[in-house]
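**Student:** Next comes the sequence, and after it the predicted model I'd like to discuss.
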Amino acid sequence: MTQLCMHAYVSGRVQGVYFRQSTAEQAERLDLNGWVRNLHDGRVEALFEGEESAVRELAAWLEQGPSDAEVTALELHDQSLQGIAGFIVRR
């Protein structure tokens, strides 16, 4: 199984619309590890790793986010594996 790690920045109406919690729920459903947090500039940042197909599935989900979100841009970067255990919502 190929493992992959991605770092994402999501822009648009992505704060105050349950984006972080929904991302965590998706990541847990996909058995991914990492974190998600709000940034001061209004974007959401996430780092997630695990099985390649699951990482790509979460990356695709981030293009839309939860139903109340309006994603205008998604920036994705491959990262080296971080060895993170679990998935958390950072404050």
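**Tutor:** Alright, I've got the coordinates.
**Student:** From now on I want contacts and neighbour counts done on CA atoms only, so please keep to that.
**Tutor:** Noted.
**Student:** Three-state assignment for the residue nearest the centre of the chain, please.
**Tutor:** By Cα atoms, centre = their mean, the chain has its centre lying nearest to A46, at 4.2 Å. Here A46 takes the strand state, with states given by DSSP: H, G, I helix; E, B strand; the rest coil.
**Student:** residue boundaries of the helices in this protein?
**Tutor:** Here the chain has its helices, by DSSP state H, at 19-29, 52-62.
**Student:** Can I get these in JSON lines including mean neighbour count and mean pLDDT?
**Tutor:** Converted to JSON lines, those look like this (neighbours: other Cα atoms under 10 Å; pLDDT from 0 to 100):
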{"stretch": "helix 19-29", "mean neighbour count": "19", "mean pLDDT": "98"}
{"stretch": "helix 52-62", "mean neighbour count": "18", "mean pLDDT": "98"}
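**Student:** Switch those helices over to JSON lines; also include distance to V10.
**Tutor:** Compiled in JSON lines, the helices of the chain are given as follows (distance: least, Cα to Cα, whole Å):
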{"stretch": "helix 19-29", "distance to V10": "10"}
{"stretch": "helix 52-62", "distance to V10": "7"}
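**Student:** so which of the ones you listed gets nearest C5?
**Tutor:** Closest approach to C5 among the helices of the chain (Cα to Cα): helix 52-62, 7.2 Å.
**Student:** and the closest one with helix 19-29, angle?
**Tutor:** With axes from the mean of the first three to the mean of the last three Cα atoms, to 10 degrees applied, the angle from helix 52-62 to helix 19-29 works out at 160 degrees.
**Student:** Can you show me the CA trace of helix 52-62 as CSV?
**Tutor:** Output of helix 52-62 as CSV, limited to C-alpha atoms (Å, rounded to 0.1, in the frame of the first residue of the first chain):
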residue,chain,number,x,y,z
GLU,A,52,-3.0,7.1,-1.2
SER,A,53,-6.6,6.4,-2.5
ALA,A,54,-8.0,7.8,0.8
VAL,A,55,-5.8,10.9,0.7
ARG,A,56,-6.9,11.6,-2.9
GLU,A,57,-10.6,11.1,-1.8
LEU,A,58,-10.3,13.6,1.0
ALA,A,59,-8.5,16.0,-1.4
ALA,A,60,-11.4,15.7,-3.8
TRP,A,61,-13.9,16.3,-1.0
LEU,A,62,-12.1,19.5,0.0
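**Student:** If anything else comes up later, I'll come back, but that's it for now.
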